Each structure stands twice: as structure tokens, then as C-alpha cells.
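Novice: Let's see this in three dimensions:
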Amino acid sequence: MMERSENVLKITQRLILMTVAVIFVISVIFGITLYLGERFNISFLCFGCGLIGGFISIQRRLRKCHDDELLLLSKSWFQIVLIPVYGGIFSLILYVAFLGQIVTGAAFPHFYIPEFSNPPDHLDMQRFLSETSPASGVDVAKLLFWCVVAGFSERFIPQIISRKG
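Specialist: Numbers count the residues shown, from 1 in each chain. Okay, the predicted model is just below:
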């Protein structure tokens, strides 16, 4: 029982350290973009929120993990990082689903997306990547909430994809 508690403590310490590191990196990127007068790329924020959702998911699962799983997690940084990275990727997939209006409704964010010319050219893509943003502050909050959910729930995005497919 003592070994189990030590493994949970070690994993929890790593999760806290990594969560603080993710928040710090996103804050630094945000600060630099503000200082330079550039637009903050919202996809960094989505990925970071997905990572944080993944970290929360691992922490909540620790109580239910078997001893052999806890031992593996306590010995490997890679295993601890893998689930949050999946969460970050799932949050980016959800972001794209929002942009493509695959997922819509009052509970989901709306976006300002610049118009494309006919036929589209490379400048359209450049504007799309640099100017697309949530339409309001409320939409930013909705986006961040859903990105954390996408990172937290490993089944959320695959379920959306299977329903829309």
C-alpha cells in the first residue's frame, strides 16, 4: 500500500509540474505576441487547454489505476505526457470541427472567418490562418471550455466523428 501511495504522489508531482510548465509556456507566447503587437494564434491556446484537460483526466484516473499501471506511470515521463498530448491533438481536431461548422449550436463558439476570393489563392489561406478568431469574448470562453473537455474525455472527439461520418 505504501508503494502505491508513493507512486501516486510521484505521478501527481509530475502532473503538477507539467501543468505549470504548459501554462507558463502559453503565457509567455501570449505575452510575447502582445508585446510585439501580433495576433495570438488561438490554436496554441486550444492545444494547451487540451493538454490541461488530459492532465486533469490522468489525475482523476489515478485512484482507479491498478498497481502495475501506477508503477509504469511513475517510472516514465513519456507515459504521463502521452495522454495529455492526445488531449491537445483532440482539442485541435475539435477547433477545426468548429471552424468547419461540423459542430454547431448555441453551446459552441462562433468564429470570424475572412472571406475567400474566387478562385481561392495563397493569400486567402494566409488570411485564414492569421485572421480567423472567435467572434466574441463569450465565444473564446466556449472554445476554451470545449478544448479542455476534448482533452479530458478521450472518447468525446471520436464520438463526434463517428456521429458525423
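Novice: Next, the distance between the ends of stretch 29-46.
Specialist: End-to-end distance of stretch 29-46 (Cα to Cα, to the nearest Å): 13 Å.
Novice: Distance from it to the middle of the chain?
Specialist: 16 Å (Cα atoms, centre = their mean, to the nearest Å).
Novice: report the longest helix in the protein, please.
Specialist: Ranked by residue count, the top helix of the chain under DSSP state H comes out as helix 2-36.
Novice: ok, Phe78 - how many residues close by?
Specialist: Neighbours of Phe78 under the rule other Cβ atoms under 10 Å: 9. Where you see a C-beta, it was placed from the backbone N, CA and C, and this is true even at glycine.
Novice: Show me what the helix or strand containing it is packed against.
Specialist: According to DSSP states H and E, Phe78 maps onto helix 77-99. Applying 3 or more Cβ pairs under 8 Å, 6 or more residues apart in numbering; DSSP states H and E, one finds that helix 77-99 makes contact with helix 2-36, helix 42-61, helix 67-75, helix 137-152, helix 156-164.
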